[in-house]
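Student: sequence and predicted model, in that order:
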Amino acid sequence: MAIPALDHSATRYSLAHAYWMARAAGLASQDPDGIENQAHAWGFGQVRHFESTHRMPFPIEDTQAYVMASDRMIVTGFRGTEVLKIYDWLTDVDTPPVPGPADKGFVHYGFNQALRSVYPQIRDTVQELRTNGQSIWFTGHSLGGALAMLAGAHFYFEDPRRLPDGVYTYGQPRTCERLLTAAHNTAFKDRCYRFVNNNDIVPQLPPEPAYTHVDTLRYFDANGKLHETMPLVAGLKDRVTGFRQDMFAPETDGIKDHHLPNYLAAFEKNLAVSA
């Protein structure tokens, strides 16, 4: 199967572009040399790396991200983390949320702390590298998805002249409460896409109603088919189907479905069908 090449001139949603943003999200987990080599192979001439300089107050690694820029496109990718390393504090609702970007609603304290350690440098770098009116994208998987969503929100809400062209997240946890969600949905209509793979456990956390999801959902069912909408009853039936398919797997269905390679495999299956 031939995967379409990354289109640096893209300015709106497509299945192929969503696939490449997932690849870019996964790139954030590599070491700096690996990121730089792959970014150059993809046609990005400039690459910058970012890592928090202080330890997070949660059982996760320090925040890591990168920015890569070509003459047409700038992509910021945030590294994710393993399910078991964030599960405990995603289920802890005792820590009160904190004010969100430009005081628009509230966000999870842990996500806020993780992002603030690198965001000022990322913001300044994107503005420095944007010398040709390039499109601007934020992407991330798992924890990285929450940070990508929040970084895009900061970028725009703190200066409405800086609306990103797109925010793409994969297996993103709930990140904020309803006031910020509503403001984000209005500002990022047709620009934010949140992909969920069947029983992926992380998008089910932290629990509602304290936290909620931003739009727009794209859902891979138990057979890997991508849906733009999934009614509640149909979604529940599909989750049962996914669970039954993996009842005897060495790890739970919710954890297996969270792995980024399984998202990429689902994208590739849908790209093959659409070719």
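Tutor: Great, that's in hand. Since the model is a prediction, treat every value here as computed from it, not as a measurement.

Student: just the helices in the stretch 101-250 of the chain please.
Tutor: 109-116, 119-129, 143-157, 178-187, 232-245 (DSSP state H, counting those that start in this stretch).

Student: you'd agree residue 45 is up against residue 74?
Tutor: No. Taking contacts as Cβ atoms under 8 Å, residue 45 lies outside contact range of residue 74: 11.2 Å. (Glycine included, C-beta is placed from N, CA and C.)

Student: who's more crowded, these two?
Tutor: With neighbours defined as other Cβ atoms under 10 Å, residue 45 and residue 74 compare such that residue 74 has more, 24 against 11.

Student: so when I look at that one, I'm seeing a strand, right?
Tutor: Yes. Assessed with DSSP: H, G, I helix; E, B strand; the rest coil, residue 74 lies in a strand.

Student: how near is it to residue 170?
Tutor: The gap separating residue 74 from residue 170 is 19 Å, by Cβ to Cβ, to the nearest Å.

Student: what ranges in the stretch 51-200 of the chain fall below the confidence cut-off?
Tutor: Low-confidence regions of the stretch 51-200 of the chain, defined by pLDDT under 70, span residues 53-61, 88-89, 92-94.

Student: kindly export stretch 99-119 (C-alpha atoms) in PDB.
Tutor: Extracted C-alpha coordinates of stretch 99-119, given in PDB (Å, rounded to 0.1, in the frame of the first residue of the first chain):
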ATOM      1  CA  PRO A  99      -7.300  28.800  35.300                       C
ATOM      2  CA  GLY A 100      -6.900  28.000  31.600                       C
ATOM      3  CA  PRO A 101      -5.400  30.000  28.800                       C
ATOM      4  CA  ALA A 102      -6.300  33.800  29.100                       C
ATOM      5  CA  ASP A 103      -8.500  32.800  32.100                       C
ATOM      6  CA  LYS A 104     -11.000  31.000  29.800                       C
ATOM      7  CA  GLY A 105     -12.200  28.300  32.100                       C
ATOM      8  CA  PHE A 106     -10.100  25.800  33.900                       C
ATOM      9  CA  VAL A 107      -7.700  23.000  33.100                       C
ATOM     10  CA  HIS A 108      -6.300  19.900  34.900                       C
ATOM     11  CA  TYR A 109      -3.500  21.000  37.200                       C
ATOM     12  CA  GLY A 110      -1.000  18.400  36.100                       C
ATOM     13  CA  PHE A 111      -1.400  19.200  32.400                       C
ATOM     14  CA  ASN A 112      -1.000  22.900  33.100                       C
ATOM     15  CA  GLN A 113       2.200  22.300  35.100                       C
ATOM     16  CA  ALA A 114       3.600  20.000  32.400                       C
ATOM     17  CA  LEU A 115       3.000  22.500  29.600                       C
ATOM     18  CA  ARG A 116       4.100  25.700  31.300                       C
ATOM     19  CA  SER A 117       7.600  24.300  31.800                       C
ATOM     20  CA  VAL A 118       8.200  24.400  28.000                       C
ATOM     21  CA  TYR A 119       5.400  26.500  26.400                       C
END
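
Student: in it, which residues are buried?
Tutor: Within stretch 99-119, the residues that count as buried by 16 or more other Cβ atoms under 10 Å are 100-101, 104-115, 117-119.

Student: which of the helices of the stretch 101-250 of the chain is buried the deepest?
Tutor: With neighbours defined as mean count of other Cβ atoms under 10 Å, the helices of the stretch 101-250 of the chain peak in mean count at helix 143-157, which reaches a mean of 27.

Student: that helix vs helix 109-116, what angle?
Tutor: Orientation check (axes from the mean of the first three to the mean of the last three Cα atoms, to 10 degrees): helix 143-157 against helix 109-116 gives 70 degrees.

Student: still on that earlier bit, so which of the helices of the stretch 101-250 of the chain is nearest residue 270?
Tutor: With Cβ to Cβ, the closest approach to residue 270 among these belongs to helix 232-245: 15.5 Å.

Student: show the secondary-structure elements that the helix or strand that the closest one is followed by is packed against.
Tutor: Per DSSP states H and E, the first helix or strand lying C-terminal to helix 232-245 is helix 253-256. Judged by 3 or more Cβ pairs under 8 Å, 6 or more residues apart in numbering; DSSP states H and E, the packing partners of helix 253-256 are helix 83-90, helix 232-245.

Student: the inter-axis angle of the next helix-or-strand element following helix 253-256 versus helix 143-157?
Tutor: Under the assignment DSSP H and E, the closest C-terminal helix or strand after helix 253-256 is helix 260-274. With the same axes, to 10 degrees applied, the angle from helix 260-274 to helix 143-157 works out at 70 degrees.
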